[in-house]
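Chemist: For reference, the sequence and a predicted model appear below.
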Amino acid sequence: MDASGDRQSLYNGFGDTMSRAVEFVATPAIFGWLGHLIDGRTGTRPTFTLVLACVAVVGMFLRYWFGYVHAMEAEEAKGPWRKP
């Protein structure tokens, strides 16, 4: 790979990392805000806020966990040690 290809790969990695960071922050915040709105309507503060924020955090964890497992299986399938 030439220098410009290395640079492009590096920039893509930075972009992917930044989008994941924003997603890690924004998703629980949005779910918590929606829970806050529901709590305001039903008078059950802070039940829905906490529940929806926790659901978002667990969902994000599972999404990235299974994505990681899938990516590692794909990488292992490329290696010289793979089974025929």
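Modeler: Noted; the coordinates are in hand.
Chemist: When you work out contacts or count neighbours from here on, use the C-alpha atoms and nothing else.
Modeler: OK.
Chemist: Now do stretch 46-55: distance to the chain's middle.
Modeler: Centroid separation for stretch 46-55 versus its chain: 18 Å, with C-alpha atoms, centre = their mean, to the nearest Å.
Chemist: ok, now stretch 65-72?
Modeler: With C-alpha atoms, centre = their mean, you get 12 Å for stretch 65-72.
Chemist: Can you find the helix or strand in the protein with the smallest mean pLDDT?
Modeler: When each helix and strand of the chain is scored by mean pLDDT, DSSP states H and E, helix 3-42 comes last, with a mean of 94.
Chemist: Just list what it packs against, helices and strands only.
Modeler: The contact analysis (3 or more C-alpha pairs under 8 Å, 6 or more residues apart in numbering; DSSP states H and E) places helix 3-42 against helix 47-78.
Chemist: buried set for the helix it packs on?
Modeler: Buried positions in helix 47-78, judged by neighbour count with 16 or more other C-alpha atoms under 10 Å: 48-50, 52-53, 56-57.
Chemist: what angle separates it from helix 3-42?
Modeler: 150 degrees (axes from the mean of the first three to the mean of the last three C-alpha atoms, to 10 degrees).
Chemist: helices or strands up against helix 47-78?
Modeler: Using 3+ C-alpha pairs under 8 Å, 6+ apart, the elements in contact with helix 47-78 are helix 3-42.
Chemist: Using neighbour counts, pick out the buried residues of the helix it packs on.
Modeler: Buried residues in helix 3-42, counting neighbours by 16+ other C-alpha under 10 Å, are found at 27-29, 31-36, 38-39.
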